[in-house]
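Engineer: Sharing a model prediction with you, sequence too.
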Amino acid sequence: MRYYIIAGERSGDLHGGNLVKELKKVDPNAEFRGFGGEYMQEQGVTLAVHYGDMAFMGLVEILTNLNKISRYIKQCKTDIEQYNPDVIILIDYGGFNRRIAKFGRKTGRKVYYYITPKVWAWYQSRALEIKANVDRMFVILPFEKDFYKKFDWDVDYVGNPVLDAVKAHQPDAEFMQRNKLDQTRELIALLPGSRKQELLGIVPLMAEVVKRYPQNQFAVATVSNLDKALYEPLFGLPNVTPIYGNTYDLLLHAKAAIVTSGTATLETALFKVPQIVVYKANALTYWILRIAIKVKYISLVNLIADKEVVKEYIQADANPEKVSTELNAILTNAPHRNQILTAYNQIYQTLDTGSASQNTATLIHKYLNE
């Protein structure tokens, strides 16, 4: 079989790489091409475009790059026609992939969607559009199966690939020594995100918090395809160490974490690190989202638990005073810390339904051969 896979950001690339690894087991003659990154490339996917070239975040940034996005969509359609795959596999990245799904349906190709766009969060009627253009949907959050039932669509819940990645991680025994971190001092992880717009809003906040804790050591997870200048407010501080491409080992050694809302919040929870979730968007983007959002929480941790497990600080609330207050509680208040860890254990058990990548690959192979 020939597979065309599209992932538009780091987490999608990671899960895409794991999916390809499992697809090769059930289909030894498989060939792969698509949009993605290093993880997919390492598993043998020929990349037409690297996701780093099209990781646009927020309404304003999307609007100002519409021509560029349109060119990538056109390039993707042309590439699919030339490659002529047996199936198009879309991974998250809703704005882009929904258009490719329409194209796939129009041209008579099978379209499978792994990791649904978060249509349950806002503009829920998009579920009908996805249903009309997608042959099979593989969801990774337990509540998503019930959500799609409201639209008379029976989708497959396959487990969560973030848990797969956490389980598969091989710890680096020399991590602390290699990064010149002091093993006698508590380590606080800083995860500012994987997109330029995220860093512009969150890195200055993190820097102000760090300045309040000169006795603690901090380490910031960096993304290789972003300009290092975006991290400068943190790099200039004496108690901050940059960590390149080794976020999981950072979390393994962290006592606490400050995390930008996204997949990283779930990764942090699965590594059992009490965290503070922060989020800042362009004012116009936030104003629109505030009207449209249909869920109570922004972090995957709280959404899965359906209650506040970790504090979320958004826009003006994402300030040094509030973040520092919660960080103090996490570091010094044992009952508060244990309450978070107990909820993390429940989330882990909820998601632990076998390998999502393996389950999805098995179902894809089955459906393609029916």
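Structural biologist: Structure received. Numbers count the residues shown, from 1 in each chain.
Engineer: quick one, strands of the chain?
Structural biologist: Per DSSP state E, the chain carries strands over the ranges 2-7, 31-36, 46-50, 87-91, 110-114, 136-139, 156-157, 187-191, 217-222, 240-244, 256-260, 275-279, 311-314.
Engineer: any chance of these in JSON lines, plus distance to N18?
Structural biologist: Heads up, the C-betas are built off the backbone N, CA and C, glycines and all. Converted to JSON lines, those look like this (distance: least, Cβ to Cβ, whole Å):
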{"stretch": "strand 2-7", "distance to N18": "11"}
{"stretch": "strand 31-36", "distance to N18": "12"}
{"stretch": "strand 46-50", "distance to N18": "16"}
{"stretch": "strand 87-91", "distance to N18": "11"}
{"stretch": "strand 110-114", "distance to N18": "10"}
{"stretch": "strand 136-139", "distance to N18": "13"}
{"stretch": "strand 156-157", "distance to N18": "17"}
{"stretch": "strand 187-191", "distance to N18": "20"}
{"stretch": "strand 217-222", "distance to N18": "20"}
{"stretch": "strand 240-244", "distance to N18": "21"}
{"stretch": "strand 256-260", "distance to N18": "22"}
{"stretch": "strand 275-279", "distance to N18": "24"}
{"stretch": "strand 311-314", "distance to N18": "28"}
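Engineer: Mean neighbour count and mean pLDDT added to those strands, as JSON lines?
Structural biologist: Output for the strands of the chain, formatted as JSON lines (neighbours: other Cβ atoms under 10 Å; pLDDT from 0 to 100):
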{"stretch": "strand 2-7", "mean neighbour count": "24", "mean pLDDT": "97"}
{"stretch": "strand 31-36", "mean neighbour count": "25", "mean pLDDT": "97"}
{"stretch": "strand 46-50", "mean neighbour count": "16", "mean pLDDT": "96"}
{"stretch": "strand 87-91", "mean neighbour count": "26", "mean pLDDT": "98"}
{"stretch": "strand 110-114", "mean neighbour count": "23", "mean pLDDT": "98"}
{"stretch": "strand 136-139", "mean neighbour count": "23", "mean pLDDT": "97"}
{"stretch": "strand 156-157", "mean neighbour count": "18", "mean pLDDT": "96"}
{"stretch": "strand 187-191", "mean neighbour count": "26", "mean pLDDT": "98"}
{"stretch": "strand 217-222", "mean neighbour count": "23", "mean pLDDT": "97"}
{"stretch": "strand 240-244", "mean neighbour count": "17", "mean pLDDT": "95"}
{"stretch": "strand 256-260", "mean neighbour count": "27", "mean pLDDT": "97"}
{"stretch": "strand 275-279", "mean neighbour count": "27", "mean pLDDT": "97"}
{"stretch": "strand 311-314", "mean neighbour count": "19", "mean pLDDT": "96"}
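Engineer: between these, which one is nearest to L205?
Structural biologist: Among the strands of the chain, the nearest to L205 by Cβ to Cβ is strand 275-279 (6.4 Å).
Engineer: List the contacts of the closest one.
Structural biologist: For strand 275-279, the surrounding residues in contact (Cβ atoms under 8 Å, 6 or more residues apart in numbering) are 202, 205, 256-261, 265, 268-269, 298-299, 301-302, 310-315, 318, 323, 326-327, 330, 340.
Engineer: just stretch 92-109 next, same as before
Structural biologist: Residues from elsewhere that reach stretch 92-109, judged by Cβ under 8 Å, 6+ apart: 6-9, 11-12, 54, 62, 69, 72-73, 76-77, 80-81, 85, 87-88, 90-91, 110-111, 113, 115-119, 126, 129-130, 132-134.
Engineer: Give me the subset of these lying in helices.
Structural biologist: 11-12, 62, 69, 72-73, 76-77, 80-81, 126, 129-130, 132-133 (DSSP state H).
Engineer: Can you tell me which of these is nearest Y344?
Structural biologist: So of those, ranked by how close each gets to Y344 (Cβ to Cβ), first place is S11, at 19.2 Å.
Engineer: Now do the contacts for the residue nearest to the closest one when sequence neighbours are not counted.
Structural biologist: Leaving aside its chain neighbours, S11 sits nearest to T263 (4.2 Å; criterion: Cβ to Cβ, 6 or more residues apart in numbering). With contacts defined as Cβ under 8 Å, 6+ apart, the neighbours of T263 are S11, V162, L300.
Engineer: Looking at those, which is nearest N359?
Structural biologist: Using Cβ to Cβ, V162 comes nearest to N359 of those, at 14.0 Å.
Engineer: burial of the nearest residue to the closest one once chain neighbours are set aside, as a residue count?
Structural biologist: Once flanking residues are discounted, V162 sits nearest to L266: 5.0 Å by Cβ to Cβ, 6+ apart. Residues lying near L266 (other Cβ atoms under 10 Å) number 24.
Engineer: L266 contacts D164, correct?
Structural biologist: No. The pair L266 / D164 is not scored as a contact, 11.9 Å apart, by Cβ atoms under 8 Å.
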